[in-house]
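K.L.:
make a model of this:
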Amino acid sequence: MKIHFIAIGGSAMHNLAIALSRKGNTVTGSDDEIFEPSRSRLAREGILPASVGWDPKRITADIDAVILGMHAREDNPELARARDLDIPVYSYPEYVYESTRDKRRVVIGGSHGKTTVTSMILHVMRAAAADSDYLVGAQLEGYDCMVRLTDAAPIAVIEGDEYTASPLDRRPKFHLYKPHIALLTGVAWDHINVFPTFENYKEQFRIFVNLIEPGGTLVYYEGDPVLRALAAEARDDIDCVPYNTHPHRKENGTTVLTTASGEVPLRVFGDHNLQNISGAVEVLRRCEIPDTVIYTALSEFSGASKRLELVAETPDRVFYKDFAHAPSKLRATTAALKAQFPERRLTACMELHTFSSLNKDFLPLYEGAMEGADAALVYFNPKVIAHKRLDPISPGEVMRAFAGENVRVFTDTFAMEAALKASISRGGNLLMMSSGNFDGMDFEELKSAFLKVEV
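P.N.:
Numbering: from 1, shown residues only. Presented below is the predicted three-dimensional model:
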C-alpha cells in the first residue's frame, strides 16, 4: 500500500510510519516541525520529509490511506486534498485497530502506569518467544521501534491512551481498540482541557469497559474505588479479575517478590510497580505464559524509558528521573523512592508542563503531592502558560496549591538549577519528574554535579 502521514513527527506517529515502511508499504509524510529523536529515526528509514510544512501536492490519487496525527489541524490543506480525492483518512489508533482486527487484542489503560505495564508484558512475551504485535508509548531497551504490525502474530499488545484520537475524531484512543483482554491501572482525573469534570473523565473508562469484546476479560486494580464500581457494573459476559499489590519484602534497598515457587528479587521498586506486576501477571497468564517464565523474566525488568529510570548511583545515593506530572503520579513516585530508602534525604524536583498541571482549576489537586520529599522544588515557565492560552499563575499560587513546608517554586531555570545543586550537595537521593525537559536543562551536567558530591 501507499500510505501518507500528516504530522509524521509525533511519538506514536513516527513509530507507526517506521513499522509500516518495514512491512513493505510505501510511506510518505509531512509535518510543520520534527524534533529529535523522530527526525533521526525517520531519516535512517529513508522516510523523513524532504522539507517541513504542508503541501497539498503531496496528496495524489494513488495514495491508499492517510493517517492523521493529533498535531495537525482540521483545516490542514493536505487533509482537505485527501477528502477531495475520497482517500480514506484514519487516526493512528483507528489504523492500528484495522491492522489487528483478526488478532487477540490486549489493551492496557489507566491514568498512570500503562506504559510500564505494557512494557512488562512485552518484556515477558519476548523472553517466552511469544510472537506479538505491539504499540507502546515509550522507548524500551532492546527495541528500535515501538510499533510492530505483522500478518502472522496472533496477539497485539496495545497501550491505550485516553487522550483524543485525532482532530477529526474526539473519541479517546483506547475506545477504538476493542480489547479481548483489558487492564485498567487506576482512574485519576487528567486532561482537563478535554474532560472538564472528573465525572466526564470517569465516563470514558466506563465506555472502554463496555467496548470489551463479548466474552472478554477485565483485569483491574482492586484498590481503586472507581475501578471497583466499573467492574461491578460490567456486562455479565466479561470476566472481571481484580489484582492488588504483589506480596513482597524489602532487603538492603532491593524489593523481593514472594511467589508460590520462591522469592524473586526485582530491579524496580515502589507500590505502583508492585501493583503493575500483579496486573501484568494476570494478563500474561491469560496469554498462556507459565508463571516460571513470567517471574524469571520480571526479575530482569529494569523499567521503561523515563519511568523511574536510574540516571546515576553511588554506593550511598541514587538519581532517578520519571515521567510523572499528574498529582497521583507525583505522590506515588516520590513516596516510592522515599519508602525504598527511608534513611536517605530525598530532593524531588518537578515541572508543571501539561495543560492540566498549569490550569488554575486543576492546581489544588497537587496538595501534598510531594510531601514524601525532604526538599521539593517545583518549576514552571510563564511563557508556556501564555502559549497554551491559560490564565497566568503565580509562584505563590503554586506554593499554596502544593501546601507543603518543604516546597519551593521557581520560574527561572538558572535559579532552579542553583537550588538543585545546593540541595544535592547535602547528600541523599535525587528525583526529577516531568513530561517535558525543564526548558532544556542539561541532565548530563546535573548528573556530573550529583556524582561529584562527597558524603
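
K.L.:
was I right to think Tyr221 contacts His272?
P.N.:
No - with contact defined as C-beta atoms under 8 Å, Tyr221 does not reach His272; the gap is 9.6 Å. Just so you know, the C-beta spots here come from the backbone N, C-alpha and C atoms, and that holds for glycine as well.

K.L.:
who has more neighbours, the two?
P.N.:
Neighbours of Tyr221 and His272, each counted by other C-beta atoms under 10 Å, are more numerous for His272; the result is 27 against 24.

K.L.:
quick check: buried residues in stretch 407-416?
P.N.:
Buried residues in stretch 407-416, counting neighbours by 16 or more other C-beta atoms under 10 Å, are found at Val407, Arg408, Val409, Phe410, Thr411, Thr413, Met416.

K.L.:
please read the previous query as pertaining to stretch 252-265.
P.N.:
Buried-residue list, stretch 252-265, by 16+ other C-beta under 10 Å: Thr255, Val256, Leu257, Thr259, Val264.

K.L.:
chain neighbours aside, what residue packs nearest to the third one?
P.N.:
If I follow you right, that is Leu257. The shortest distance from Leu257 to any non-neighbouring residue, by C-beta to C-beta, 6 or more residues apart in numbering, is to Val264 (4.1 Å).

K.L.:
element containing the one you found, please.
P.N.:
Counting by DSSP states H and E, the element that carries Val264 is strand 262-265.

K.L.:
which other residues reach that strand?
P.N.:
Thr254, Thr255, Val256, Leu257, Tyr295, Thr296, Leu298, Ser299 (C-beta atoms under 8 Å, 6 or more residues apart in numbering).

K.L.:
6 Å - rerun?
P.N.:
Contact with strand 262-265 is made by Thr254, Val256, Leu257, Tyr295, Ser299, as judged by C-beta atoms under 6 Å, 6 or more residues apart in numbering.

K.L.:
direction included, what does it pair up with?
P.N.:
strand 254-259 (antiparallel) (DSSP bridges).

K.L.:
what sits up against the partner strand?
P.N.:
Contacts of strand 254-259 (C-beta under 6 Å, 6+ apart): His246, Pro247, His248, Arg249, Glu263, Val264, Pro265, Leu266, Phe269, Tyr295.

K.L.:
repeat that for stretch 301-310.
P.N.:
115-116, 119-120, 123, 138-140, 267-268, 320-323.

K.L.:
geometric centre of the chain: which residue is closest?
P.N.:
Thr115 (4.6 Å; C-alpha atoms, centre = their mean).

K.L.:
and that one, how far from Ala232?
P.N.:
27 Å (C-beta to C-beta, to the nearest Å).

K.L.:
swap in Arg104?
P.N.:
For Arg104, the distance to Ala232 - C-beta to C-beta - is 26 Å.

K.L.:
and the two? which has more neighbours close in?
P.N.:
Arg104 (18 against 8).

K.L.:
quick one: residues contacting the more buried one.
P.N.:
Contacts of Arg104 by C-beta under 6 Å, 6+ apart are Ile155, His180.

K.L.:
give me the pLDDT for it.
P.N.:
Here, the pLDDT recorded for Arg104 equals 98.

K.L.:
can I get the contacts of strand 262-265 in a markdown table including pLDDT and distance to Ser328?
P.N.:
Compiled in a markdown table, those are given as follows (pLDDT from 0 to 100; distance: C-beta to C-beta, whole Å):
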| residue | pLDDT | distance to Ser328 |
| --- | --- | --- |
| Thr254 | 88 | 26 |
| Val256 | 95 | 26 |
| Leu257 | 96 | 24 |
| Tyr295 | 97 | 28 |
| Ser299 | 95 | 27 |
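
K.L.:
list just the nearest of those residues to Gly29.
P.N.:
Within the contacts of strand 262-265, proximity to Gly29 (C-beta to C-beta) peaks at Ser299, which comes in at 40.1 Å.

K.L.:
report how many residues lie close to that closest one.
P.N.:
So Ser299, with other C-beta under 10 Å, has 14 neighbours.

K.L.:
ok, the one 4 residues further on next?
P.N.:
Using other C-beta under 10 Å, Gly303 has 23 neighbouring residues.

K.L.:
pLDDT score for it?
P.N.:
On the pLDDT scale, Gly303 gets 77.

K.L.:
per-domain residue ranges of the chain.
P.N.:
2-87, 95-298, 309-452 (automatic domain parsing).

K.L.:
quick check: mean pLDDT of the first one?
P.N.:
Right, domain 2-87. 95.

K.L.:
all numbers from here: first residue = 327
P.N.:
Right, with 327 as the first residue, what we last looked at is domain 328-413.

K.L.:
what's the end-to-end length of it?
P.N.:
11 Å (C-alpha to C-alpha, to the nearest Å).

K.L.:
I'd like the distance from that domain to the chain centre, please.
P.N.:
23 Å (C-alpha atoms, centre = their mean, to the nearest Å).

K.L.:
for stretch 408-419, measure first residue to last.
P.N.:
19 Å.

K.L.:
err, stretch 703-718, not the other one
P.N.:
End-to-end for stretch 703-718, by C-alpha to C-alpha: 20 Å.

K.L.:
now stretch 471-491
P.N.:
21 Å.

K.L.:
residues making contact with it?
P.N.:
By C-beta under 6 Å, 6+ apart, stretch 471-491 touches 341-342, 344-345, 417, 419, 425-426, 429-435, 440-441, 444, 447-448, 457-463, 496-500, 503, 517, 520, 530.

K.L.:
now do stretch 712-732
P.N.:
So stretch 712-732 is contacted by 681, 684, 686, 689-690, 692-693, 697, 701-702, 704, 733, 735 (C-beta under 6 Å, 6+ apart).

K.L.:
which ones among those lie within strands?
P.N.:
Judged by DSSP state E, these include Ala701, Ala702, Val704, Val733, Val735 as members of strands.

K.L.:
need these in JSON lines (columns: distance to Val552 and pLDDT).
P.N.:
Formatted as JSON lines, the ones in strands among the contacts of stretch 712-732 follow (distance: C-beta to C-beta, whole Å; pLDDT from 0 to 100):
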{"residue": "Ala701", "distance to Val552": "33", "pLDDT": "94"}
{"residue": "Ala702", "distance to Val552": "27", "pLDDT": "94"}
{"residue": "Val704", "distance to Val552": "27", "pLDDT": "95"}
{"residue": "Val733", "distance to Val552": "28", "pLDDT": "93"}
{"residue": "Val735", "distance to Val552": "31", "pLDDT": "95"}
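
K.L.:
now, among the residues you listed, which is nearest to Ile750?
P.N.:
Using C-beta to C-beta, the ones in strands among the contacts of stretch 712-732 come closest to Ile750 at Ala701, 9.1 Å.

K.L.:
please report how far the closest one lies from Thr580.
P.N.:
Distance from Ala701 to Thr580, by C-beta to C-beta: 25 Å.
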